[in-house]
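**Student:** here is my input, please return the structure:
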Amino acid sequence: MKIQKTIFAAGCFWHIEDYFLKIKGVIKTTVGYTGGNTLNPTYNDVCTGDTGHAESVKIEFDSAVITFSELLEHFWKIHDPCSLNKQGPDIGDQYRSAIFVINLFQKKEALRQLNSYNKNKYNNKIVTKIENLSKFYPAEEYHQKYLQKKT
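**Tutor:** Have a look, this model is predicted:
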């Protein structure tokens, strides 16, 4: 088993987490906040839209079962990467589409796929940001596996 990590933002983190938890090879998910400048943000802080953080999901996966490239393909199809700071009813920078890369391979592959999808799949320009991961802050416990707790 070779455990790797990636972090995606694509709207409300509850739905992203729920989707990725069902994928074979995904071992663990953690919802949280990243990409901003506020230290130790809370959900209420991030909801103001003033922290610069995005609601995001850290995904730990077994790369012998599923690759980063395959996870990226799921990322593109579960949201609208052409919608700036909006996914469904959620509006604001905290709901932006972003890939928080952990290493050079992830950055190159994210750029490769973004460029390929821009040329071959979408009529509008993809606005997904590819950002270097700085610090990931886990969200409050009641947000972790939120949709699983509600069923």
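**Student:** kindly check the end-to-end length of stretch 25-40 for me.
**Tutor:** This stretch, stretch 25-40, spans 30 Å end to end (CA to CA, to the nearest Å).
**Student:** could you do stretch 82-102 as well?
**Tutor:** Stretch 82-102 end-to-end distance (CA to CA) = 23 Å.
**Student:** what do you get for stretch 20-40?
**Tutor:** 25 Å.
**Student:** and the average pLDDT for that stretch is what?
**Tutor:** Averaged over stretch 20-40, pLDDT sits at 97.
**Student:** ok, the nearest residue to residue 50 once chain neighbours are set aside - how many residues close by?
**Tutor:** Spatial nearest neighbour of residue 50, chain neighbours left out: residue 38 (7.8 Å); criterion: CB to CB, 6 or more residues apart in numbering. No exception for glycine: its C-beta is placed from N, CA and C like everyone else's. Applying other CB atoms under 10 Å, we find 15 residues neighbouring residue 38.
**Student:** what distance do you get for residue 38 to residue 17?
**Tutor:** 22 Å (CB to CB, to the nearest Å).
**Student:** kindly report the same for residue 58.
**Tutor:** Residue 58 is 9 Å from residue 17, by CB to CB.
**Student:** so the two - more neighbours on which side?
**Tutor:** It is residue 17, of residue 58 and residue 17, that has more neighbours when counted by other CB under 10 Å, with 26 against 22.
**Student:** okay but that one is in contact with residue 145, surely?
**Tutor:** Yes - using CB atoms under 8 Å, residue 17 is in contact with residue 145, at 7.0 Å.
**Student:** any shared contact partners between those two?
**Tutor:** residue 29 (CB atoms under 8 Å, 6 or more residues apart in numbering).
**Student:** so where do the helices sit in the protein?
**Tutor:** 13-21, 43-47, 68-77, 104-120, 146-150 (DSSP state H).
**Student:** so how far is residue 1 from residue 139?
**Tutor:** Applying CB to CB to residue 139 and residue 1 gives a distance of 26 Å.
**Student:** more neighbours, the two?
**Tutor:** residue 139 (22 against 8).
**Student:** in contact with the more buried one, which residues?
**Tutor:** Contacts of residue 139 (CB under 8 Å, 6+ apart): 13, 30-33, 43, 55.
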